[in-house]
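Q: after the sequence you'll find the predicted model.
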Amino acid sequence: MTPELRQSIEILQMSAAELKETIEREHLENPTLELEYFDEPATFDAEKIFEPPDTSTMTLEEFLTAQAIFVFDAGELSAAKFLIGALDANGYLTISIADAVQILNVAENFLLEILRRVQALEPAGIGARNLAECLKLQAERKEIFSGLVAAIIERHLEEVASHKIKNIARAENSSVEEIRRAIEIIRTLNPKPGSAYGGGVTKFIVPDVRITEGGEIFLNGASFPRVKISEDYSDLKDLDAETKIYLTQHLNSARQLLRSIRQREKTLLRVVEEIVRRQGEFLRKGWHFLKPMTMRELSEELDLHESTISRAVANKFAELPFGVVELRKIFSASVSTEDVTAAKVKALIGELIKSENPQRPLSDKSLAEILSARGISIARRTVMKYREQLGILSSAKRRK
C-alpha cells in the first residue's frame, strides 16, 4: 500500500473533528498550505442523539436516565434526573434529601418516593446514601436481606472491616462460622455499583452531513477548515536547488491531502445519496420506519468495495429532521422478516413499554407475542436482550 493510498483511506474514515485536527497539524508542518476557517459548525450533545441506546458505552448517568424515561411520568422525571445527576462515580447520592427538597421546592415525601424508585433502577444498589444502604438495596433485590446478613449490614459493617468476627458472633448470639458464612454472602455484593460505567464527560458531535425532510443533502463544509495551496509557491524557478526540493516535496504532500479530502467528500456524498434513496420514510419519520440495508448491498449498487462503505460511514453523523444519528447505526441486519431491522424492533419495544399499564407491565413473553401479531417473529430471549440494551427493567421491577 502506497503512502498516498494509506492517507486516503485514513482520511476517509476520520470523523469531522479528527479531520480538522489532521488538517491543522499538516498546516503547521507544511508551509505551502493555507487554511480558511468558516463560522463554527453547530454541535450536538452526544447524550441527546436520537437512536437506540448502547449500554456498553454509556456513562452511569446516561444508563440511569435511559431507564428513568420509561419509569417516571412528566411531573416526576425532572426530580428523578436531578437525583441521578447528584450521584457520584460509584453510584452514591452526594446531596442530602433536605438540601434537594429546598433546591427543587418539592415535598420531602414526594422526593423520598422518587429516590426509592431511582434506587429500583439497574444496577442494584444505585442511589444509596451510605454503604449499609447500598448493600441492603442489593440484598433486598436478591431476597437475601434477612437473618445474619441483615443484622451484619445494619449493625456490624465497621466490625467486619476491622475483622472483629468474634465480637459480631457474641452480639448476635451466633457461632463464628455462621458469621463467616454471612460475611461471605455479603462480599458477593458490590460496594461500588456505579463504577462499571464511564465517567460523565460530555461529548459533542459535529454532523458531517445534513439531510432535509425533502431528501436534500448538504455536506457540512464548516466542520473543518478549507485547505488550499498558497499562491506564494506557484513559481519555484528562481529558488536554489535545496529550497526547490524542499518546497516541491511539501507541494506534493499538500496536493495529496487535497485529493484525499475531495475523495472523502465524494465517497461520503455517494453513500448518503443511496441511503436517502432507500430510506426515505426513516429519514422523515424515525427509527420505526428503518428498512434492512447492508453495506454489501450498497457496495454492489455503488460499485465500491464493502470496506470503502464501512470507512465512509465510520465516525460520521447526519443531522436528520428528527435528530442526529450515527450513519453506521442505519445499517442493520434483519431480525426475522425482510422488512424488520433490529433497530426498528428496539424502537417498537420501547414504544410498547412506554405506553403499557404500569400496574400490569408487559413481560418479555407478552412483548414477543404482540410483535408476532404484528408480523415480527422474535424469540422471548431476543426481546429480553433488546430490552436490556435499551436500559429497561424487567416487568417485575417496572410494576408500580
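A: Received the coordinates, thanks.

Q: surely I185 touches I152?
A: No - with contacts counted by Cβ atoms under 8 Å, I185 stays clear of I152, the gap being 9.2 Å. Quick note: C-beta positions are derived from backbone N, CA and C, even for glycine.

Q: the closest residue to P225 other than its chain neighbours sits in which helix or strand?
A: Using Cβ to Cβ, 6 or more residues apart in numbering and skipping the chain neighbours, the partner closest in space to P225 is L35 (4.1 Å). Secondary structure from DSSP states H and E places L35 in strand 33-36.

Q: give the pairing partners of that strand; include direction for each.
A: Neighbouring strands of strand 33-36 in its sheet, by DSSP bridges, are strand 226-229 (antiparallel).

Q: so I185 and I152 - more neighbours on which side?
A: For the pair I185 and I152, the greater number of neighbours falls to I152 (23 against 15), based on other Cβ atoms under 10 Å.

Q: coming back round to it: now do the buried residues in the strand holding L35.
A: Residues of strand 33-36 classed as buried: L33, E34 (neighbour count, 16 or more other Cβ atoms under 10 Å).

Q: so what touches that strand?
A: I23, E24, E26, H27, P225, R226, V227, K228, I229, S230, A254, L257 (Cβ atoms under 8 Å, 6 or more residues apart in numbering).

Q: export whichever strand or helix holds R116 as PDB, just CAs?
A: For R116, the element it lies in under DSSP H and E is helix 108-118. Extracted C-alpha coordinates of helix 108-118, given in PDB (Å, rounded to 0.1, in the frame of the first residue of the first chain):
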ATOM      1  CA  GLU A 108     -40.000  15.600  51.300                       C
ATOM      2  CA  ASN A 109     -42.300  12.600  51.000                       C
ATOM      3  CA  PHE A 110     -42.500  13.200  47.200                       C
ATOM      4  CA  LEU A 111     -38.700  13.300  46.900                       C
ATOM      5  CA  LEU A 112     -38.200  10.200  49.100                       C
ATOM      6  CA  GLU A 113     -40.600   8.300  46.800                       C
ATOM      7  CA  ILE A 114     -38.700   9.400  43.700                       C
ATOM      8  CA  LEU A 115     -35.400   8.300  45.400                       C
ATOM      9  CA  ARG A 116     -37.000   4.900  46.200                       C
ATOM     10  CA  ARG A 117     -37.900   4.400  42.600                       C
ATOM     11  CA  VAL A 118     -34.400   5.600  41.400                       C
END
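
Q: tell me what the next helix or strand after it is packed against?
A: Downstream of helix 108-118, the next assigned helix or strand under DSSP H and E is helix 131-141. Judged by 3 or more Cβ pairs under 8 Å, 6 or more residues apart in numbering; DSSP states H and E, the packing partners of helix 131-141 are helix 147-155, helix 157-161.

Q: ok, now with 6 Å
A: helix 147-155 (3 or more Cβ pairs under 6 Å, 6 or more residues apart in numbering; DSSP states H and E).

Q: avg pLDDT for the helix it packs on?
A: Average pLDDT, helix 147-155: 93.

Q: what does it contact?
A: A132, L135, K136, A139, E172, A182, I185 (Cβ atoms under 6 Å, 6 or more residues apart in numbering).
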